[in-house]
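Q: Pasted the sequence and its predicted model underneath.
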Amino acid sequence: MNLYILGIESSCDDTSAAVLCNNQILSNVIAGQAVHAQYGGVVPELASRAHQQNIIPVVDTALKQAKISFDQLSAVAYTRGPGLLGSLLVGNAFSKAFTYALKLPLIEVDHLEGHILSHFIFNEKNIYPTFPFLCLLVSGGHTQIMLVKDFFTFEIIGKTIDDAAGEAFDKSAKILGFPYPGGPMIDKLAQTGNSNAYTFNQANMSGYNYSFSGLKTSFLYFLRDKLKENPNFITENVTDLAASMQKAICDTLMKKLIKAAKDFNINEIAIAGGVSANSGLQTILKKTAIEKKWNIYIPPFQLTTDNAAMIAIAGYYKYMKKDFANLNSIPYTKSKY
Ligand code: KG4
Ligand code: ZN
């Protein structure tokens with residue numbers, strides 16, 4: 001019997017709905033929110049309002065693209081947390097009302113587990129990570145190394161104590177004068193820059209933990225001094241600055257990942273989250289994989305940033321376990337990892 005899961009994602013500033021038939025994507029619709037760009041970051045109240053406007057048209061489009069009617073759905077899986085409360089509440093209220101009206105099972109999904117389980121969405125090569133594997137989860141809100149023991153057992157072995165890697169990208173981009181989210185812009189500029197042009201202070205944390213706030217401050221002070229000497233310093237050196245900053249972030253990420261793989265004796269290595277789209281990170285991961293004989297898993301581009309297909313695949317595995325929620329389901333904002 002085929003399972004048709006409708007996934008709903010609204011944890012931050014993307015409203016997304018997806019329909020999966022078992023592990024295959026039938027549709028994955030994402031409505032971004034351009035309104036935040038002018039503020040240099042996500043404004044929670046504006047995000048919540050935009051989700052309210054977007055949720056019904058996005059679900060409607062996802063069902064139409066999938067050519068699926070309400071009565072064919074097996075369940076609705078939604079992001080329960082972590083994220084912004086006002087944003088999460090929109091997906092929560094919609095999913096509860098929708099499943100109540102249609103008498104469908106409701107499934108709660110953790111956003112971070114969704115990012116990791118996106119690796120189990122059908123791919124052409126039909127190759128998926130084998131358990132146990134390590135996943136470097138790098139997004140705008142989170143940076144951690146997870147030991148994934150099975151579909152439902154995730155153990156955090158290291159995480160950032162301050163900024164996430166995505167924040168480091170976004171804040172550096174902001175300092176350079178680019179709008180939010182600046183990660184993709186840094187990536188683009190870095191491709192024609194010299195990554196060894198400048199070095200910035202990288203934190204040396206214990207164990208498998210990360211810290212990015214010092215790196216950002218080092219970047220800020222370096223530019224403050226250079227701009228005093230030459231007000232055009234950023235414009236004249238923007239590609240080298242982007243490439244050097246990207247290298248610093250990626251080297252920091254890889255150092256702990258390499259240590260974790262060695263210490264845990266695991267060669268199945270995945271990356272997930274928005275920053276996993278970064279071409280510099282992908283290049284250094286591929287190079288390291290050859291050296292260390294790792295099997296690596298990089299999500300397709302459209303599954304790197306927030307999307308509902310990753311929520312639906314997590315929902316699919318929870319459906320098979322009959323792990324259902326009820327109308328008492330409420331969001332949580334803080335990560336359990
Ligand atoms: O996973 P995601 O969509 O949202 C969260 O769960 O946070 O990640 C968004 C983050 C943003 O910080 C964005 O700048 C970053 O991912 N990002 C990138 C790239 N694409 C997205 N960072 C570096 N290079 C990219 N190509
Ligand atoms: Zn995310």
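A: Nice, I can see it. Ligands and ions are numbered 1, 2, ... in the order given.
Q: Can you give me the separation between the residue most central in space within the chain and ligand 2?
A: Centroid check for the chain by C-alpha atoms, centre = their mean gives Gly273 as the closest residue, at 2.4 Å. With distances defined as C-beta to the ion, to the nearest Å, the gap from Gly273 to ligand 2 amounts to 6 Å. C-beta here means a position set from N, CA and C on the backbone, and glycine is covered the same way.
Q: my read: that residue touches Leu137, true?
A: Yes - distance between Gly273 and Leu137: 5.0 Å, which falls inside the contact criterion (C-beta atoms under 8 Å).
Q: Now the common contact residues for those two.
A: When contacts are counted by C-beta atoms under 8 Å, 6 or more residues apart in numbering, Gly273 and Leu137 are jointly contacted by His115.
Q: one step back: next, the residue nearest to the centre of the chain: phi, psi?
A: With angles defined as degrees, to the nearest 10, Gly273 shows backbone torsions of phi 100, psi 170.
Q: check contacts around it.
A: With contact taken as C-beta under 8 Å, 6+ apart, Gly273 is in contact with His115, Leu137, Val138, Ser139, His142, Gly166, Thr304, Thr305.
Q: Any idea how many residues pack against the third one?
A: Same thing as Val138. 32 (other C-beta atoms under 10 Å).
Q: And the second one, by the same measure?
A: When neighbours are defined as other C-beta under 10 Å, Leu137 has 26 of them.
Q: And the first one, by the same measure?
A: Neighbour count of His115, defined by other C-beta under 10 Å: 30.
Q: That one: what's it in contact with?
A: Going by C-beta under 8 Å, 6+ apart, His115 touches Leu137, Ser139, Ala272, Gly273, Met310.
Q: Quick check: which element contains the first one?
A: Per DSSP states H and E, Leu137 falls inside strand 133-138.
Q: May I have the secondary structure class of the closest residue in space to Gln24 that isn't next to it in sequence?
A: On the basis of C-beta to C-beta, 6 or more residues apart in numbering, the spatially nearest residue to Gln24 that is not a chain neighbour turns out to be Phe122, at 4.5 Å. The three-state assignment at Phe122 reads coil, by DSSP: H, G, I helix; E, B strand; the rest coil.
Q: what's near enough to touch Phe122?
A: Phe122 is in contact with Asn22, Asn23, Gln24, Ile25, counting by C-beta under 8 Å, 6+ apart.
Q: Pipe those into CSV and attach pLDDT and secondary structure per row.
A: Below are the contacts of Phe122 laid out as CSV (pLDDT from 0 to 100; DSSP: H, G, I helix; E, B strand; the rest coil):
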residue, pLDDT, secondary structure
Asn22, 98, coil
Asn23, 98, coil
Gln24, 98, strand
Ile25, 98, strand
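Q: which of those residues has the most neighbours?
A: Ile25 (21 neighbours).
Q: Tell me how the chain divides into domains.
A: Residue ranges for the structural domains of the chain, counted by automatic domain parsing, are given in the record as 4-119+303-320, 130-299.
Q: As CSV, those domains with distance to ligand 1 would be great.
A: Conversion of the domains of the chain to CSV gives the following (distance: least, C-beta to the nearest ligand atom, whole Å):
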stretch, distance to ligand 1
domain 4-119+303-320, 3
domain 130-299, 2
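Q: Show me which of these has the highest average neighbour count.
A: domain 4-119+303-320 (a mean of 22; mean count of other C-beta atoms under 10 Å).
Q: Quickly check: that one near ligand 2 or not.
A: Yes - figure legend: domain 4-119+303-320 in contact with ligand 2 (C-beta under 5 Å from the ion); contacting residues Asp306.
Q: Off-centre distance for that domain?
A: Averaging C-alpha coordinates over domain 4-119+303-320 and over its chain gives two centres that are 14 Å apart (C-alpha atoms, centre = their mean, to the nearest Å).
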